[in-house]
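Novice: give me a 3D structure for the following:
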Amino acid sequence: MKKTSTFQNSLIWFGAAVSLAEILTGTSFAPLGMARGIAAIVLGHIIGGVLFFFAGLIGGRTGRSSMETTKMSFGQKGGLLFAFLNVLQLVGWTAIMIYDGALAIDGIFHGLHWVWCVLIGGLIIVWILVGLANLGWINKVSMSALLILSVVLCYVIFSGNSPSAAAAGEAMTFGAAVELAVAMPLSWLPLVSDYTREAEKPFAATVASTVTYSLVSCWMYIIGMGAAIYTGESDIAQVMVKAGLGIAALIILVLSTVTTAFLDAWSAGISCESLSKKLNGKWIAVGVTALGIVASIFFPMDDITGFLYLIGSVFAPMIAILITDFFILKKDSFEQSFNWMNLGVWLLGFIIYRYFMTVDIPLGYTLGDILATMLLCLSANWIKKEFRKK
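Specialist: Sure thing, here's the model as predicted:
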């Protein structure tokens with residue numbers, strides 16, 4: 001299999017971070033103000049970025065996809081639970097990306113919403129058929145265009161504007177804001193190994209992927225927050241209209257949607273291969289995109305906050321157990337059918353996360369849940385070891 005370079009991995013995650021979903025999520029931080037908002041965004045991305053790095057490094061060192069690495073902690077059949085849940089969230093993400101992109105384009109170039117959904121979905125399918133390792137110059141041109149246009153958008157928002165009274169909105173605690181910043185890198189945890197496993201230099205590629213994604217994701221959040229604070233608009237499409245970006249806006253919206261949703265659909269295909277070796281990942285990815293097109297046409301997807309928290313509650317305890325097993329306990333359950341102990345610990349971690357959502361925690365829910373789940377995992381293994389001695 002053709003290996004990807006460190007630079008190619010950086011481009012992949014640059015494209016993933018330049019996303020309308022990230023910009024739109026950033027608008028929610030406006031009530032905190034710029035200083036506290038940036039602090040919450042950066043802190044959340046440090047927490048999420050550390051988890052992102054370790055998840056990617058496991059895949060890079062083992063050469064296994066994200067969902068194959070889960071079998072190292074939960075067993076061959078136990079890991080299928082997470083592969084199934086991952087496919088569901090990726091179908092959801094693909095639909096959300098297409099929906100957001102089409103809605104934003106329709107706000108500038110008024111037409112039929114379903115036409116934009118089909119156009120964006122069609123381009124995603126082209127990306128899939130070309131394939132990850134063969135995107136080459138397409139990715140370089142796309143990322144260069146996105147970088148230039150994102151800088152222009154940033155300049156438009158922050159140049160010559162003063163804070164707007166319209167920036168005031170529903171209050172958000174600092175802890176909730178941190179968690180909303182953690183949520184995006186956390187949503188990529190079940191995918192990152194799908195790309196680091198194919199890297200020529202796994203460690204360097206994982207570092208580059210983590211740094212690139214974290215920095216650019218912070219930038220996107222800040223663009224969204226800045227748009228709400230300095231222009232009074234939470235609709236990025238309208239910011240582009242007022243700036244007269246025209247065709248440039250269309251390029252930003254289409255490319256940012258395609259480069260992010262491509263990773264969702266592609267990884268959905270890889271995860272399905274974990275469910276059954278008879279499935280062809282590439283064609284599953286095409287099918288997921290088609291399903292995303294249909295869902296984006298018929299179902300409204302304007303508020304994804306609850307979706308982000310659900311992803312966090314599922315995958316935060318999962319990655320905590322993987323990190324504990326791989327880096328601390330040095331154990332591997334890949335040959336087992338089920339690791340019931342780890343599945344039980346994961347369930348407790350899931351419940352703890354949902355409980356944390358009911359209280360105000362200054363550093364968000366994920367960090368506390370990760371530490372609690374790791375402690376539970378270590379304790380369960382110690383008890384099991386002591387029991388066997390007797």
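
Novice: how much space between Leu20 and Asp302?
Specialist: Distance of Leu20 to Asp302, computed by Cβ to Cβ, to the nearest Å: 12 Å. Quick note: C-beta positions are derived from backbone N, CA and C, even for glycine.

Novice: those two: which has the busier surroundings?
Specialist: Between Leu20 and Asp302, counted using other Cβ atoms under 10 Å, the more crowded position is Leu20 (24 against 9).

Novice: quick one, helices of the stretch 51-200 of the chain?
Specialist: Secondary structure of the stretch 51-200 of the chain (DSSP state H, counting those that start in this stretch): helices at 66-74, 78-108, 113-130, 137-158, 174-187, 193-196.

Novice: turn the ones you listed into CSV, including mean neighbour count and distance to Ala39.
Specialist: Supplementary listing: these in CSV, determined by neighbours: other Cβ atoms under 10 Å; distance: least, Cβ to Cβ, whole Å:
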stretch, mean neighbour count, distance to Ala39
helix 66-74, 28, 30
helix 78-108, 23, 26
helix 113-130, 19, 34
helix 137-158, 16, 18
helix 174-187, 25, 8
helix 193-196, 29, 29
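
Novice: of all those, which lies closest to Ile293?
Specialist: Closest approach to Ile293 among the helices of the stretch 51-200 of the chain is made by helix 113-130 (3.8 Å; Cβ to Cβ).

Novice: now for Thr27, how many residues are close by?
Specialist: 21.

Novice: the nearest residue to Thr257 once chain neighbours are set aside: what's it in contact with?
Specialist: The shortest distance from Thr257 to any non-neighbouring residue, by Cβ to Cβ, 6 or more residues apart in numbering, is to Gly101 (3.2 Å). For Gly101, the contacting residues are Leu20, Trp116, Ile120, Leu253, Val254, Ser256, Thr257, Val258, Ala261, by Cβ atoms under 8 Å, 6 or more residues apart in numbering.

Novice: now, which of those residues sits nearest Ser234?
Specialist: Leu20 (12.1 Å).

Novice: that older thread, quick one: the residue nearest to Thr257 from Ile251, how far?
Specialist: 12 Å.

Novice: what do you get for Phe82?
Specialist: 36 Å.

Novice: same check on Ser73?
Specialist: Taking Cβ to Cβ, one finds Ser73 at 42 Å from Ile251.

Novice: ok, Leu85 next?
Specialist: 34 Å.

Novice: before we move on, what about Gln89?
Specialist: Applying Cβ to Cβ to Gln89 and Ile251 gives a distance of 28 Å.

Novice: Ile352 too?
Specialist: Applying Cβ to Cβ to Ile352 and Ile251 gives a distance of 44 Å.

Novice: of those two, who's got more company?
Specialist: Ranked by neighbour count (other Cβ under 10 Å), Ile352 and Ile251 place Ile352 first, with 20 against 16.

Novice: ok, now which ones touch that one?
Specialist: Neighbouring residues of Ile352 by Cβ under 8 Å, 6+ apart: Pro317, Gly368, Asp369, Ala372, Thr373.

Novice: also Ala95?
Specialist: Ala95 makes contacts with Leu291, Gly292, Ile293, Ala295, Ser296, Phe299, Met301, as judged by Cβ under 8 Å, 6+ apart.

Novice: got it, and Trp340?
Specialist: Here Trp340 is in contact with Gly78 (criterion: Cβ under 8 Å, 6+ apart).

Novice: go with 6 Å
Specialist: By Cβ atoms under 6 Å, 6 or more residues apart in numbering, Trp340 lies in contact with nothing.

Novice: quick check: phi and psi on it?
Specialist: Here is the backbone geometry of Trp340 (degrees, to the nearest 10): phi -60, psi -30.

Novice: and it, how far from Leu146?
Specialist: The value you get for Trp340 to Leu146, if Cβ to Cβ is used, is 45 Å.

Novice: so, low pLDDT: which residues of the stretch 151-300 of the chain?
Specialist: Applying pLDDT under 70 to the stretch 151-300 of the chain flags the ranges 160-171, 241-246.

Novice: make it 80
Specialist: 153, 156, 159-172, 231-253, 256, 259, 274-275, 277 (pLDDT under 80).

Novice: quick check: the closest residue to Phe262 other than its chain neighbours vs Phe356, distance?
Specialist: Leaving aside its sequence neighbours, Phe262 sits nearest to Trp127 (Cβ to Cβ, 6+ apart; 4.3 Å). Trp127 sits 37 Å away from Phe356, going by Cβ to Cβ.
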